[in-house]
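In: 3D model of this:
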Amino acid sequence: MILTQITELVAICAKKGISNVILSPGSRCAPLTLAFARHPDIHARSISDERSAAFIAMGIAQQLEQPVALVCTSGSAALNYFPAIAEAFFQQIPLLILTADRPSEWIDQYDGQTIFQPDVYGKHVKGSFQFPDSSSNPDQLWHSSRIVNEAINLANQFPAGPVHINIPLREPFYPEVNEQLVFPEKPRVFSVLKSKTIPTDESLVQFKNRLEIVQKIVIISGQQRPNAQLQILVDNLSKDLNVVIVTDTISNLQSDQTINLHDHWLGNEAISEELKPDLIISFGKSVISKSLKLFLRKTQASHWHVQPDGMAKDTFLRLTRNIGTSPAFFLHWLNQNLGVQNADYYQAWHTLEKSVAENLPQILNKETFGEYSALAFCLSQTPSHSKIHVANSMAVRYLNLLGKRNQEVICNRGTSGIDGSNSTAVGCTFTTKEIVTLITGDMAFFYDRNAFWHNYTFANLRIILLNNHAGGIFRLIDGPKNQPELEEYFETRQNLTAQHLATEFGFFYSKVVNQEELEASLEDFYEDSLHSKILEIETSSPLNAEILKSVKEKIKTAIQRQ
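Out: Numbers count the residues shown, from 1 in each chain. Below you'll find the predicted structure:
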């Protein structure tokens with residue numbers, strides 16, 4: 001039986017620009033599956049593991065900057081979407097989540113595959129909608145089409161994010177033999193006009209008056225996608241007006257004009273004292289550097305956060321203004337209205353940056369082989385056109401310590417979990433023909449192995465796996481590293497390598513344990529291939545911790561000599 005409200009739903013999705021859907025097999029969701037699979041303007045993919053499916057969808061939506069639809073059956077299938085939905089919510093990535101459900105009278109009646117699905121994602125979606133369970137009355141069809149429009153509009157409105165539609169479906173689910181699935185040619189569609197928020201003239205005068213009495217401004221850029229306009233604006237502020245611009249690797253705004261290596265000296269009280277700002281201006285989402293956040297929380301500086309919806313983000317405990325406008329508008333205004341800042345203050349930051357930039361490569365070259373120096377060498381061989389996906393824990397921290405990247409850097413820092421990094425990278429490969437490099441630790445990699453369990457090719461994926469057979473970050477945290485239970489209950493040691501996984505999924509695979517093997521393996525790692533490639537760098541967790549400690553001490557000594 002063809003369900004009119006479902007064909008209407010899919011037609012609206014296509015009309016409003018949703019061109020990708022990730023389906024997971026199930027019977028209750030069959031009407032949705034068939035309609036999406038048969039629509040000529042929608043690319044449907046089937047991913048069996050719902051947790052992986054949701055992260056793959058998020059990886060696609062992140063790159064396309066438009067909603068991707070997710071479809072699953074009723075029951076616990078919907079719960080498996082939750083980690084990716086939370087990540088998408090805090091990263092502001094649009095998703096349209098469509099969960100099939102049983103009619104309400106059968107919930108909590110010992111019937112199969114039933115849970116309480118309405119509003120199941122709580123505050124981690126921008127909105128939740130409940131579909132009518134039939135279209136027998138014209139008003140019900142009008143209601144269902146209105147819901148789809150509202151949901152897609154909401155997913156796209158700033159801040160973008162996931163939206164949930166729960167869809168009760170009655171049997172029969174499948175069309176009769178020879179029953180044709182026909183989509184409406186002109187589905188009912190309505191949109192929301194995007195409005196630009198610009199501060200009032202009075203507010204801008206107040207900003208300018210405040211700026212006239214500060215001389216030590218630090219601008220912090222949080223996580224975002226590359227933006228050429230913002231890059232020019234922040235570089236000009238640094239070069240022309242002596243503004244200190246501090247960037248993490250996930251800001252995608254690092255340049256020769258920005259401070260990129262701050263994790264090597266912030267936290268040193270003797271150094272940090274002279275670096276305290278008068279005013280902090282931030283934009284973008286999360287910041288990786290814990291030392292930067294702690295440093296700014298200890299200052300007496302005011303903090304202005306710039307975000308189009310003007311929502312309060314008091315990351316540094318110093319918030320005094322929410323500026324409801326786009327970062328591009330405000331940075332452009334700053335370039336035109338800010339006076340030249342304190343030259344000595346600016347020089348203090350950039351002297352430290354230069355010292356670390358000059359000494360770090362030499363220090364790493366002289367260290368014992370470990371994942372720190374190995375990753376530095378891998379990055380030196382990574383093509384500039386590659387996108388870099390990086391897992392959480394030590395992988396992203398190493399990347400941040402190693403400074404400026406020319407590639408787009410992508411990381412799941414919305415919730416900062418280890419789940420889904422493989423799947424997000426796979427989603428990214430579906431949007432580009434360029435190389436996608438996934439840098440990951442062993443715990444994150446093996447946790448998300450179902451990212452590769454489907455029938456789609458992604459020959460442009462290159463995986464650099466830092467396998468120290470443990471959760472190595474716990475050796476660097478003061479609490480767990482001193483406990484006798486460290487290895488069993490915090491690191492959770494494991495003996496896996498990626499060799500069997502590579503064989504199972506048809507990936508090219510090499511494992512290295514020293515610099516010579518690493519250099520040999522990288523010679524053709526980025527060459528075109530018919531299959532994905534895994535480069536596994538096997539090291540020791542205790543040794544990696546010692547190397548990191550040694551590098552920090554040597555950098556500290558080098559800075560003191562300046």
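In: next, Gln91: phi, psi?
Out: Note on Gln91: its backbone torsions stand at phi -90, psi -10 [degrees, to the nearest 10].
In: OK, contacts around it?
Out: Applying C-beta atoms under 8 Å, 6 or more residues apart in numbering to Gln91 gives the contacts Met58, Gln62, Gln223, Lys285, Asn412, Arg413, Gly414. Glycine gets a C-beta too; all of them are placed from N, C-alpha and C.
In: again, only this time at 7 Å
Out: Going by C-beta atoms under 7 Å, 6 or more residues apart in numbering, Gln91 touches Lys285, Gly414.
In: how far away is it from Glu65?
Out: Distance, Gln91 to Glu65, by C-beta to C-beta, to the nearest Å: 12 Å.
In: what's the answer for Ser145, then?
Out: 25 Å.
In: more neighbours: which of those two?
Out: Ser145 (22 against 11; other C-beta atoms under 10 Å).
In: once you drop chain neighbours, what's closest to that one?
Out: For Ser145, ignoring the flanking residues on the chain, the nearest one in space by C-beta to C-beta, 6 or more residues apart in numbering is Arg188 at 4.8 Å.
In: and that neighbour, how many residues sit next to it?
Out: 15.
In: and if you look at Ala520?
Out: Around Ala520 there are 12 residues (other C-beta under 10 Å).
In: quick one: residues contacting the nearest residue to it once chain neighbours are set aside.
Out: Distances taken as C-beta to C-beta, 6+ apart put Val512 closest to Ala520, at 7.9 Å, once the chain neighbours are dropped. Residues near Val512 by C-beta under 7 Å, 6+ apart: Leu518, Ser521, Ile537.
In: who's Val512 bridged to?
Out: Applying DSSP bridges to Val512 gives these bridge partners: Ile537.
In: so where do the strands sit in the stretch 1-150 of the chain?
Out: Secondary structure of the stretch 1-150 of the chain by DSSP state E, counting those that start in this stretch: the strands cover 20-23, 43-46, 68-72, 95-101, 127-130.
In: reformat those strands into TSV and put mean pLDDT next to each item.
Out: As requested, the strands of the stretch 1-150 of the chain are exported to TSV (pLDDT from 0 to 100):
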stretch	mean pLDDT
strand 20-23	98
strand 43-46	98
strand 68-72	98
strand 95-101	97
strand 127-130	98
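In: quick one, which of those strands is nearest to Ser550?
Out: Checking the strands of the stretch 1-150 of the chain against Ser550 by C-beta to C-beta gives strand 95-101 as the closest, at 43.6 Å.
In: quick one, that closest one and strand 68-72 angle?
Out: 20 degrees (axes from the mean of the first three to the mean of the last three C-alpha atoms, to 10 degrees).
In: how far out from the middle of the chain is strand 95-101?
Out: The chain centre lies 21 Å from the centre of strand 95-101; the measure is C-alpha atoms, centre = their mean, to the nearest Å.
In: what strands flank it, and is each parallel or antiparallel?
Out: strand 68-72 (parallel), strand 162-168 (parallel).
In: among those, which is nearest Gln362?
Out: strand 68-72 (45.1 Å).
In: run through who's touching the closest one.
Out: 13, 18, 20-24, 26, 29, 32-33, 36, 50, 53-54, 57, 60-61, 78, 81, 95-100.
In: one more time with 6 Å, if that's ok
Out: For strand 68-72, the external contacting residues (C-beta atoms under 6 Å, 6 or more residues apart in numbering) are 18, 20-24, 29, 32, 50, 54, 57, 60-61, 78, 96-99.
In: dump it to PDB, keeping only the CA atoms.
Out: Taking Å, rounded to 0.1, in the frame of the first residue of the first chain, the C-alpha atoms of strand 68-72 are listed here in PDB:
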ATOM      1  CA  VAL A  68      20.900  14.800   5.400                       C
ATOM      2  CA  ALA A  69      17.900  12.600   6.200                       C
ATOM      3  CA  LEU A  70      18.200   9.600   8.500                       C
ATOM      4  CA  VAL A  71      15.700   6.700   8.400                       C
ATOM      5  CA  CYS A  72      15.400   3.800  10.900                       C
END
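In: tell me where the stretch 151-300 of the chain has strands.
Out: In the stretch 151-300 of the chain, the strands defined using DSSP E, counting those that start in this stretch lie at 162-168, 217-221, 244-247, 279-283.
In: would a markdown table of these with mean neighbour count, distance to His262 and mean pLDDT be doable?
Out: As requested, the strands of the stretch 151-300 of the chain are exported to a markdown table (neighbours: other C-beta atoms under 10 Å; distance: least, C-beta to C-beta, whole Å; pLDDT from 0 to 100):
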| stretch | mean neighbour count | distance to His262 | mean pLDDT |
| --- | --- | --- | --- |
| strand 162-168 | 25 | 33 | 98 |
| strand 217-221 | 26 | 10 | 98 |
| strand 244-247 | 25 | 6 | 98 |
| strand 279-283 | 24 | 14 | 97 |
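In: any chance of those strands in a markdown table, plus distance to Gln130?
Out: Converted to a markdown table, those look like this (distance: least, C-beta to C-beta, whole Å):
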| stretch | distance to Gln130 |
| --- | --- |
| strand 162-168 | 5 |
| strand 217-221 | 40 |
| strand 244-247 | 43 |
| strand 279-283 | 36 |
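In: for Leu438, which of those strands is the nearest?
Out: Ranking the strands of the stretch 151-300 of the chain by proximity to Leu438 (C-beta to C-beta) places strand 244-247 first, at 22.1 Å.
In: residues making contact with the closest one?
Out: 218-221, 234, 238, 253-254, 258-260, 262, 346, 349.
In: same check on stretch 289-304?
Out: The contact list for stretch 289-304, computed with C-beta under 6 Å, 6+ apart, reads 248, 262-263, 266-267, 272, 276-281, 316-321, 323.
In: Ile288 versus the closest residue to His143 other than its chain neighbours, what's the distance?
Out: Distances taken as C-beta to C-beta, 6+ apart put Pro132 closest to His143, at 5.5 Å, once the chain neighbours are dropped. Distance of Pro132 to Ile288, computed by C-beta to C-beta: 45 Å.
In: for Gln347, same thing?
Out: Look at Gln347 and Ile288: by C-beta to C-beta, they are 25 Å apart.
In: likewise for Asn359?
Out: Look at Asn359 and Ile288: by C-beta to C-beta, they are 22 Å apart.
In: neighbour count: these two, which is higher?
Out: Applying other C-beta under 10 Å to Asn359 and Ile288 shows that Ile288 carries more neighbours, namely 23 against 19.
In: now for that one: which residues touch it?
Out: Counting by C-beta under 6 Å, 6+ apart, Ile288 touches Asp248, Asn400.
In: distance of it from Val163?
Out: 28 Å.
In: for Ile464, same thing?
Out: Taking C-beta to C-beta, one finds Ile464 at 35 Å from Val163.
In: swap in Glu185?
Out: Applying C-beta to C-beta to Glu185 and Val163 gives a distance of 26 Å.
In: about what we covered before: the contacts of stretch 289-304 in helices, which ones?
Out: Ser272 (DSSP state H).
In: buried only: go through the contacts of stretch 289-304 for me.
Out: 248, 262-263, 266-267, 272, 277-281, 316, 318-319, 321, 323 (16 or more other C-beta atoms under 10 Å).
In: give the contact list for the spatially closest residue to Phe507 that is not a sequence neighbour.
Out: Distances taken as C-beta to C-beta, 6+ apart place Ser532 nearest to Phe507, at 4.7 Å, with adjacent residues excluded. For Ser532, the contact set (C-beta under 6 Å, 6+ apart) comprises Phe458, Leu461, Phe507.
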